[in-house]
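> Next one to model:
(2 chains)
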Amino acid sequence: MEVEGKGGEAGTTTTATRRFALPVDAENKSTTFRLFSVAKPHMRAFHLSWFQFFCCFVSTFAAPPLLPIIRENLNLTATDIGNAGIASVSGSVFARIVMGTACDLFGPRLASAALTLSTAPAVYFTAGIKSPIGFIMVRFFAGFSLATFVSTQFWMSSMFSGPVVGSANGIAAGWGNLGGGATQLIMPIVFSLIRRMGATKFTAWRIAFFIPGLFQTLSAFAVLLFGQDLPDGDYWAMHKSGEREKDDVGKVISNGISNYRGWITALAYGYCFGVELTIDNIIAEYFFDRFHLNLQTAGIIAASFGLANFFARPGGGIFSDLMARRFGMRGRLWAWWIVQTLGGVLCAFLGQIHSLTWSIVVMLIFSVFVQAVCGLTFGVVPFISRRSLGVISGMTGAGGNVGAVLTQLIFFKGSTYSRETGITLMGIMSIACSLPICFIYFPQWGGMFCGPSSKNVTEEDYYLAEWSSKEKAKNSSQKFAETSVSERGRASTHPQT
Amino acid sequence: MHPFFSSKSIFLLPKFQNSTMTIHTLLFASLLIFSFIHSCRGGNKDRLFTELQNLIEVTTKPMQDGVVLEAGKDMVTVKWKLKSSAKVDADATFKTIQVKLCYAPISQVDRPWRKTHNELLKDKTCPYEIVSKPYDKTPQSLDWTVELDIPTGTYFVRVYGIDGDGHEVAYGQSSDEGRTTNLFSIQAISGGHVSLDIASILFSVFSVVSLLVFFVKEKKKAKLEQRE
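Have a look, this model is predicted:
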């Protein structure tokens, strides 16, 4: 599969000192996306980052499909299970924010591998837990690894240029999120294999957890051994050689959090990705208990929700890029808002359905929509800030988890609401929290309801405004401004067509 | 292309303006019928627990009184027979007898997957089968070792008399109607092993140590490049 951006020539390009397998722009970012290539550094970075993120997702959501066994072994109550679900997504709220800054400072390769390797112990220790508290704790710490999402988006935004960054981000994140679905299939299968080898139920599930743990560890090794932070090299090497300029942490953070758009994306993402995380946590048990299915069947149905990520989230990213080509940033915003609202409607609908067949059908359609929205969100995020890309990505990613925490706290803890009612209410909240998208406005490109500013603000003005007049405006912002002119859409960049 | 789930075909009465609309409506109607049948699978009305007669007398005696039984080790002696107060031939329809281990209400609190439902097909009170055998008129006794996968909880025993169609026709239980008397407690196995704990520690240490090794290597590489 190949996605073409502007300015791409087939074949290799040579800049002053380096040769790349893929065509690149002024910042040495690839302008095309070749799925079946592992060429250094762009496509290799893609494959390493999505696989590592996938393994982290598998680990974080390894418990839910085995809950019918675990809840009996540890004598868990519905409240314990609810708390553990909240814990699993709350750890990475903080971790995602920190990860954004860590990427800005140390580079995505080291930051992500460090996180993955330091959370792997939580997965290994799941094998030894004896009480509800232990269960909540391991799910809490294992959940930190979901922050590798931020490093994935950061890495893709560093490797791929404007016209294809939505696709790259969408596919990498989508294939990572796939882990949440794959684990619902993998864990019950691993569990039955181990049982067949002679272990009792209450031992077999424990042994099963070594599989996601090992994969997590090995994926981090791969990133460290074969990955590279930037097209031009690694952060460490470039820092020392003076090629990569160091920035002031405080300024980077304050620049990021003072950008209102980052907060709107955080809220909206809380109600698309947050919804996805919540469903990953509750859906297997929902089908198991409500429709009296067995563990494997409930797991297969639950898995199909997450597996749609294979094409749904990438589809969202690609759709965002397509809209941008024709309508510019305004197209990205409209697509995002419409698909998110429709996703909320489908979610509300899902909770009202009593039949198994229809529940599965609506859930499948709903999964495609909600995951596409996640891709559409990150079609917009790379353009909000250049200087504080990591912080904005971190905020948005963290917002996703905050949404999951809030939703599970309000609607899925204990027995206040039945699961069905909870799902419907979650859908309604999703619709409400996507309205603020209408307020996002870029002076150089416009917003959903307004065109670009009459003062003729350029991309340069917007991105260089992130630096005060006293600070030296960095080359990278200048280059990024040049490449993002494509966000004006076809009408203004290609007046003849 | 007509998207199947377009709002028009779901919410408005069909106007057969062209053949595609007709086909869509027929397809939709058949799906509706299918799902209606599907949700009514089981055909007959749900069989209720309250319709069953309490004809069987069940007694349980744990190996030791007043002690929590350990799964995999301790035993419970279960005895059952037709109640002397039952009419003659009340057990004529019994083909099989099924003895089940059931949760007491205290073990069902805040655990909706163990909830008691009146509909027998939905009821989750008695998930574990102790034994199922052909019906014998004579009083029966069984020494049952608590199985390894029984969770921690408080339990009683219920016996169902089942007819030739596999439907329950009568029952008996070792506890009273409110399921509060004559209960016994079971402690589950932990499922953990020392070897698992050791493996966890080894793998965790390996992960963290290799991270540190990588960091040190990176720093050395950066220093080398700086010198060049």
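> of all of chain B, which residue lies closest to chain A?
Residue nearest to chain A within chain B: B:Gly191 (2.9 Å; CB to the nearest CB). All C-beta atoms are positioned from the backbone trio N, CA, C, and that covers glycine.
> Let's verify that residue: helix, strand, or coil?
Secondary structure, DSSP: H, G, I helix; E, B strand; the rest coil: B:Gly191 is coil.
> any idea how far B:Leu101 is from it?
19 Å (CB to CB, to the nearest Å).
> do B:Cys126 as well
Taking CB to CB, one finds B:Cys126 at 7 Å from B:Leu101.
> low-scoring stretches of the stretch 51-200 of chain A, by residue?
Along the stretch 51-200 of chain A, the model assigns pLDDT under 70 to no residue.
> Residues of it that sit close to chain B?
For the stretch 51-200 of chain A, the residues in contact with chain B (CB under 8 Å from any CB of the partner chain) are A:68, A:71-73, A:75, A:77-79, A:110, A:113-114, A:117-118, A:120-121, A:124-125, A:127-128, A:130, A:200.
> so the residue of chain B closest to chain A makes contact with A:Arg206?
Yes. At 5.9 Å, B:Gly191 and A:Arg206 qualify as touching, with contact defined as CB atoms under 8 Å.
> What is the burial count for B:Lys87?
11 (other CB atoms under 10 Å in any protein chain shown).
> Backbone dihedrals for it, please?
The phi/psi pair for B:Lys87 (degrees, to the nearest 10) reads phi -70, psi 160.
> Is B:Phe156 in a helix, a strand, or coil?
Classified using three-state DSSP, B:Phe156 is strand.
> secondary structure element for the nearest residue to it once chain neighbours are set aside?
Of all residues not flanking B:Phe156 in the chain, B:Ser175 sits nearest, at 3.8 Å (CB to CB, 6 or more residues apart in numbering or on different chains). Secondary-structure assignment from DSSP states H and E places B:Ser175 in no helical or strand segment.
> contacting residues for B:Ser175?
Applying CB atoms under 8 Å, 6 or more residues apart in numbering or on different chains, we find B:Ser175 in contact with B:Ala104, B:Phe156, B:Thr181, B:Asn182, B:Leu183.
> Export those to JSON lines and append columns for secondary structure, neighbour count and pLDDT.
What follows is the contacts of B:Ser175, written out as JSON lines (DSSP: H, G, I helix; E, B strand; the rest coil; neighbours: other CB atoms under 10 Å in any protein chain shown; pLDDT from 0 to 100):
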{"residue": "B:Ala104", "secondary structure": "coil", "neighbour count": "20", "pLDDT": "94"}
{"residue": "B:Phe156", "secondary structure": "strand", "neighbour count": "23", "pLDDT": "93"}
{"residue": "B:Thr181", "secondary structure": "coil", "neighbour count": "11", "pLDDT": "89"}
{"residue": "B:Asn182", "secondary structure": "coil", "neighbour count": "16", "pLDDT": "88"}
{"residue": "B:Leu183", "secondary structure": "coil", "neighbour count": "21", "pLDDT": "91"}
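> Could you save these as CSV and add columns showing distance to A:Gly306?
Below are the contacts of B:Ser175 laid out as CSV (distance: CB to CB, whole Å):
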residue, distance to A:Gly306
B:Ala104, 37
B:Phe156, 40
B:Thr181, 47
B:Asn182, 46
B:Leu183, 41
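> ok, back up a step: out of the residues of the stretch 51-200 of chain A next to chain B, which end up buried?
Buried by 16 or more other CB atoms under 10 Å in any protein chain shown: A:68, A:71-73, A:75, A:77-78, A:110, A:113-114, A:117-118, A:120-121, A:124-125, A:127-128, A:200, out of those.
> Please name the nearest non-neighbouring residue to A:Thr116.
A:Ala220 (4.0 Å).
> Would you confirm that that neighbour contacts A:Thr119?
No. The pair A:Ala220 / A:Thr119 is not scored as a contact, 9.6 Å apart, by CB under 8 Å.
> which stretches of chain B form strands?
Assigned by DSSP state E, the strands in chain B fall at B:53-54, B:56-62, B:69-70, B:75-82, B:96-103, B:128-134, B:140-145, B:153-162, B:168-173, B:184-187.
> Need the winner for burial among those.
Comparing the strands of chain B by mean neighbour count (mean count of other CB atoms under 10 Å in any protein chain shown), strand B:153-162 ranks first with a mean of 23.
> List the neighbouring strands of it plus their orientation.
Strand pairing for strand B:153-162, determined by DSSP bridges: strand B:96-103 (antiparallel), strand B:168-173 (antiparallel), strand B:184-187 (antiparallel).
> contacting residues around the shortest one?
Spelled out, that is strand B:184-187. Taking CB under 8 Å, 6+ apart as the rule, strand B:184-187 contacts B:60, B:62, B:68-71, B:76, B:146, B:150-156.
> follow-up on the earlier one: could you check the pLDDT of the residue of chain B closest to chain A?
B:Gly191 carries a pLDDT value of 87.
> With the one 5 residues further on instead?
Confidence at B:Leu196, expressed as pLDDT, is 93.
> Ignoring the adjacent residues along the chain, who's closest to it?
According to CB to CB, 6+ apart, the nearest residue to B:Leu196 is A:Ala127 (4.8 Å).
> residues contacting the one you found?
A:Arg206, A:Ile207, A:Phe209, A:Phe210, B:Gly192, B:Leu196, B:Asp197, B:Ala199, B:Ser200.
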